[in-house]
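A.B. asks: Here is my input; please provide its structure:
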Amino acid sequence: TAELGTRTGMQRKDSSHILSNMAILSRLELFVKTISVFLRQLKKEKPGRYRELDEPLRKRYLERDGGRFGDARGSDVRHRIEQRAVDAWLLLEMYTDKKIRALDGYRLLARLFCEQCAVQRSGKAVPRDDIAPESLQSPFDEGAGYSGHKGEGYQAQITETCDPQNETQIITHVEVESAAASDAEAPVRDTEELEARGIKPGALIADTAYCGGNNDVALRDMGVTLTGPAAGKAPAGTATPIGAFETSPDLKTVTRRPSGEPPESNIYDADWDTVTAVFDKETCRECDLRNICGVKRRKDGFALRYERCRMTTSKRRLTERTPEYAKAYALRAGIEATNSELKRAHGMGRLRVRGHPAVEFAVFMKVLACNIKRYLRVKIERVRKSLGDEKHLADTAFASQNAFCRASARVFGLFCRGLCHSASFAA
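C.D. replies: From the prediction side, this is the model:
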């Protein structure tokens, strides 16, 4: 960013869904595949203990590889899942040997059972109705999660510059996490990392998922302005919102009420992150807004008490109605093009690797390639402008740069194909 003179004071943020090299399994298929993985590993590592299993159980999962047990349809699915839950519980209880329980297959089966099954008082294992999004999605990719909006897999939290004066925008931060992770947890964490690298933004633009009141308050305390639609629905009614009260930038002090009078005192409670502003009795009694402004009567007068997250959300809803907000928030749309570029031009949407370490590495390399490409475009354009009439020289330079990029792509492609089969990155 320094060589290009890229300004990092304004940045925008979004997440992009990623599907690793894993099959999308139904719940029944997940049980069958996970049990099969454990039995294959048991057969390889402890063949004597494997032969202790009943022959029908071994054939059910290995010799037929799931067969008709993994492809049930309609009303038979629930019954088959119940059968698979009983088989999983039997296998988990059957082996008490520490060496067997240390196997990855046993650990995966135990995780699947804990997340998807329960044991009744009678000792019977039954499938749960409620399953957490963080639950196992595939025995071949432990790190993948589930998002009701995006589906199975991972997601990349992407932050990039968005100053209109920049010649090009640069991706400043990327983090790979399970698809089950909440976007709301990312802004503060990622901003702290940007600050540690010396490129903390002064303004961060993001969509509704990132703009909760707690995030706004935390970023305000870090000196960052969060721009985006307020989360949740606006309260109904005709009451004057508390956001109409003027406050200090950190929201810890009320400076004026909607009618213009300042409070007599302000009290900030750091333990509860609340502010209490006390107003003059006589002024409040005569005010036309007394019953709709949020100020409550107390023994010592009239006071407004609010949590900072509630105040910032109210102010955000008022700001959304202004042309200035619309102009500022319009810059966020540019990151959708970045997500599209990473998926279409760099193949980030569907990767050839699986497992969190490999997925993370692949995403980092694709983001790096995207930044290098943007950097070269700016440098080549600068050469073209500086040469003027000697445009053919610039075209020659552009062709040589492309030759270098093509050669680099071939080398990286060979490396990625080797990475797909690397045991060190296996789930």
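A.B. asks: Show me which residues of stretch 202-215 are buried.
C.D. replies: By neighbour count on 16 or more other CB atoms under 10 Å, the buried set for stretch 202-215 is 203-207, 209-215. From N, CA and C alone the C-beta is placed, and that goes for glycine too.
A.B. asks: Count the neighbours of Gly148 for me.
C.D. replies: Gly148 has 8 neighbours, counted by other CB atoms under 10 Å.
A.B. asks: Just the pLDDT for it.
C.D. replies: Listed pLDDT for Gly148 reads 87.
A.B. asks: Quick check: the gap between the residue nearest to it when sequence neighbours are not counted and Ala181.
C.D. replies: Nearest residue to Gly148, sequence neighbours excluded (CB to CB, 6 or more residues apart in numbering): Pro133, at 7.1 Å. Distance of Pro133 to Ala181, computed by CB to CB, to the nearest Å: 9 Å.
A.B. asks: who's more crowded, the two?
C.D. replies: A count of neighbours by other CB under 10 Å puts Ala181 above the other of Pro133 and Ala181, at 19 against 15.
A.B. asks: my guess is the more buried one meets Lys150, correct?
C.D. replies: No: with contacts counted by CB atoms under 8 Å, Ala181 stays clear of Lys150, the gap being 11.0 Å.
A.B. asks: ranges for the strands of the stretch 301-427 of the chain?
C.D. replies: Secondary structure of the stretch 301-427 of the chain (DSSP state E, counting those that start in this stretch): strands at 301-307.
A.B. asks: Where does the prediction get shaky in it?
C.D. replies: The stretch 301-427 of the chain contains residues with pLDDT under 70 at 389-427.
A.B. asks: Helices of that one, start to end?
C.D. replies: 308-319, 323-329, 334-344, 356-387, 391-420 (DSSP state H, counting those that start in this stretch).
A.B. asks: And for the chain?
C.D. replies: Per DSSP state H, the chain carries helices over the ranges 27-45, 47-50, 55-58, 76-94, 98-101, 104-116, 186-196, 213-221, 281-286, 308-319, 323-329, 334-344, 356-387, 391-420.
A.B. asks: Show me what counts as buried in the fifth one.
C.D. replies: Within helix 98-101, the residues that qualify as buried are Ile100, counting by 16+ other CB under 10 Å.
A.B. asks: Begin at 15 from now on, thanks
C.D. replies: Fine by me, first position is 15 from now on; the one you just mentioned is helix 112-115.
A.B. asks: That helix - what's its average pLDDT?
C.D. replies: 92.
A.B. asks: Where is the longest strand in the chain?
C.D. replies: Assignment by DSSP state E gives strand 165-175 as the longest strand of the chain.
A.B. asks: hmm, back to that, can you add distance to Thr267 and give the helices of the chain back as CSV?
C.D. replies: Below are these laid out as CSV (distance: least, CB to CB, whole Å):
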stretch, distance to Thr267
helix 41-59, 54
helix 61-64, 70
helix 69-72, 70
helix 90-108, 58
helix 112-115, 58
helix 118-130, 47
helix 200-210, 23
helix 227-235, 13
helix 295-300, 18
helix 322-333, 11
helix 337-343, 24
helix 348-358, 35
helix 370-401, 42
helix 405-434, 54
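A.B. asks: quick one: which of these is nearest Ala170?
C.D. replies: Across the helices of the chain, Ala170 has its closest neighbour in helix 370-401 (5.4 Å, CB to CB).
A.B. asks: now the farthest one out in the chain, which residue is it?
C.D. replies: Centroid-distance maximum for the chain: Glu296 at 50.8 Å, with CA atoms, centre = their mean.
A.B. asks: Isn't Lys164 up against Leu33?
C.D. replies: No: counting by CB under 8 Å, Leu33 is not a contact partner of Lys164; they are 9.3 Å apart.
A.B. asks: ok, those two, which is more surrounded?
C.D. replies: Here Lys164 and Leu33 are compared on neighbour count by other CB under 10 Å; more neighbours surround Leu33, at 20 against 17.
A.B. asks: List the contacts of that one.
C.D. replies: 165-168, 363-365 (CB atoms under 8 Å, 6 or more residues apart in numbering).
A.B. asks: how about a cut-off of 7 Å?
C.D. replies: Residues near Leu33 by CB atoms under 7 Å, 6 or more residues apart in numbering: 167, 363-364.
A.B. asks: Looking at the buried residues of stretch 216-229, spot the one nearest Gly157.
C.D. replies: Minimum distance to Gly157 across those is 21.2 Å, recorded for Ala223 (CB to CB).
A.B. asks: Now do that closest one, the pLDDT please.
C.D. replies: 93.
A.B. asks: how close does it sit to Gln171?
C.D. replies: From Ala223 to Gln171 the distance is 11 Å (CB to CB).
A.B. asks: Give me the common contacts of those two.
C.D. replies: Counting by CB under 7 Å, 6+ apart, nothing touches both Ala223 and Gln171.
A.B. asks: Give me the buried positions along stretch 299-313.
C.D. replies: 301, 307-309.
A.B. asks: What's the end-to-end length of that stretch?
C.D. replies: Its start and end residues considered, stretch 299-313 measures 14 Å (CA to CA, to the nearest Å).
A.B. asks: for stretch 246-256, same thing?
C.D. replies: Stretch 246-256: ends 16 Å apart by CA to CA.
A.B. asks: average pLDDT for that stretch?
C.D. replies: Stretch 246-256 comes out at a mean pLDDT of 70.
A.B. asks: Ok, stretch 44-64 next?
C.D. replies: 93.
A.B. asks: Enumerate the positions of it that are buried.
C.D. replies: 44-53, 55-56, 60, 64.
A.B. asks: ok, the residues you listed vs Ala372, which is closest?
C.D. replies: If you rank those by distance to Ala372 using CB to CB, Val51 comes first, at 18.2 Å.
A.B. asks: Quick one: residues contacting that closest one.
C.D. replies: Counted by CB under 7 Å, 6+ apart, Val51 has contacts 119, 122, 153.
A.B. asks: Excluding sequence neighbours, find me the nearest residue to the one residue sitting closest to the centre of the chain.
C.D. replies: Centroid-nearest residue in the chain, with CA atoms, centre = their mean: Asp197, separated by 4.2 Å. Distance criterion CB to CB, 6+ apart; nearest residue to Asp197, sequence neighbours excluded, is Ala223 at 3.9 Å.
A.B. asks: so how far is Ala198 from that neighbour?
C.D. replies: 6 Å.
A.B. asks: Then Arg358?
C.D. replies: Arg358 is 28 Å from Ala198, by CB to CB.
A.B. asks: Which residue of the two possesses the greater neighbour count?
C.D. replies: Ala198 (15 against 10).
A.B. asks: What pLDDT is listed against the more buried one?
C.D. replies: Per-residue pLDDT puts Ala198 at 93.
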